[in-house]
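> need a 3D model of the sequence below.
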Amino acid sequence: MTQGQIEIHEKVQKLEQRVMDWEKSKEKIKKMLWWDDVAKGLAKLNQTNGTQPENTNTTDTKVTPIDSASPATLSADGKAWFIHPVQIISIVNKKYQITTDFLEKVMNKTEKWFNGKGGGKTFEENFILNYPDIYQIDKTLFVSLLNSSLKKFNITTPYQKAHFLAQCFHESAGFESTLEFSSGINYEPDVHKDAIKNGNTKKGDGPKYKGRGLIQLTWKNNYIKFSKYEGVDFVANPDLIAQNMKYSIDVSCWFWRFNGDIYKKYNANGDINILIDNEKDNVTLVTKAVNGGRNGLEHRIRIFNKIKEEWELE
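From the prediction side, this is the model:
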């Protein structure tokens, strides 16, 4: 072969490869649910412009009626665009990202987080002394741990995350503490009517198993359950939850998915995600599942609505 023939042969090979690549792409596109709409839209566009369809090899000249629906899946210039599903997921996830800037904006809290404020001077001094890894934790680290746990426990839709953040912000006194401000005496067996059935059978169990975590885990029985799940003995050392931010977030996500206070409605069985999937805007229902009542409901609703506004949720 001459040099010219070799060059022509190489060009032909490249063209053939491009055709093969295009055929593969078309097969992928055809699998998309909207392909039929696009095909109909293109056919209608061709008829309007007085052009013939691409494939003219057929001998059948009978015209098939075109669907009267407008080619909504086409752009203004009549082109059909293929977007890979992974790209769509990436775009959606980026829009609903939880970042430090996002949290500071919706929570209206730009100063240091987790200062131990709100429980009085003695509580604050104790918090600084005994919770050094929590006190004024680096915000970037906190957000990283938060996003990791949300993914781990599959709290991932915009509405699930919006409700979770609103509840956690309120329960932690505005990202101030991973430990309940009160002493826990109210959870003692001779004080609270539900203490014994929740595992607080001995004097001292109230303060020992008071609320810890972003969503405050309370009662000995719940500490037992979370210990089994996490593989760490929080019954013997309950303060580990409040001293370690990973545990504080994990216990909140665990409670959210497995230990919420509503079981029968929508067959939730303690999974707050299920409640949200059925009633996406019902902060009252979510609050009851978290808190057992309506405590701080207005504040929880206010934060939830701020998140909705920022994320442009319907």
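
> residue contacts, the residue nearest the centre of the chain?
Nearest residue to the geometric centre of the chain (C-alpha atoms, centre = their mean): Thr156, 2.3 Å. Going by C-beta atoms under 8 Å, 6 or more residues apart in numbering, Thr156 touches Leu150. In this view, the C-beta of every residue, glycine as well, is placed from N, C-alpha and C.

> tell me the confidence at it?
Predicted confidence (pLDDT) for Thr156: 97.

> distance of it from Leu275?
According to C-beta to C-beta, to the nearest Å, Thr156 and Leu275 sit 16 Å apart.

> quick check: end-to-end length of stretch 127-145?
21 Å (C-alpha to C-alpha, to the nearest Å).

> what's the answer for stretch 188-199, then?
10 Å.

> same thing with stretch 293-301?
With C-alpha to C-alpha, one end of stretch 293-301 sits 14 Å from the other.

> neighbours of His163, how many?
His163 has 31 neighbouring residues, counting by other C-beta atoms under 10 Å.

> distance of it relative to Asp194?
25 Å.

> likewise Ser177?
24 Å.

> the more surrounded of these two?
Ser177 (28 against 11).

> tell me the contacts of that one?
114, 116, 118-119, 123, 127.

> list only buried entries from those residues.
Neighbour counting over these (16 or more other C-beta atoms under 10 Å) leaves 114, 116, 119, 123, 127 as the buried ones.

> how close does Cys168 sit to Pro132?
22 Å.

> with Thr140 instead?
With C-beta to C-beta as the criterion, Thr140 and Pro132 are 18 Å apart.

> swap in Phe234?
Counting by C-beta to C-beta, the gap from Phe234 to Pro132 is 19 Å.

> can you verify the residue nearest to the centre of the chain is assigned to a helix?
No. Using DSSP: H, G, I helix; E, B strand; the rest coil, the secondary structure at Thr156 is coil, not a helix.

> can you tell me how far it sits from Phe226?
21 Å.

> got it, and Tyr209?
The value you get for Tyr209 to Phe226, if C-beta to C-beta is used, is 11 Å.

> looking at Cys168 and Pro132, which has the bigger crowd around it?
Cys168 (23 against 11).

> grab the nearest non-local neighbour of Ala289.
Gly260 (3.9 Å; C-beta to C-beta, 6 or more residues apart in numbering).
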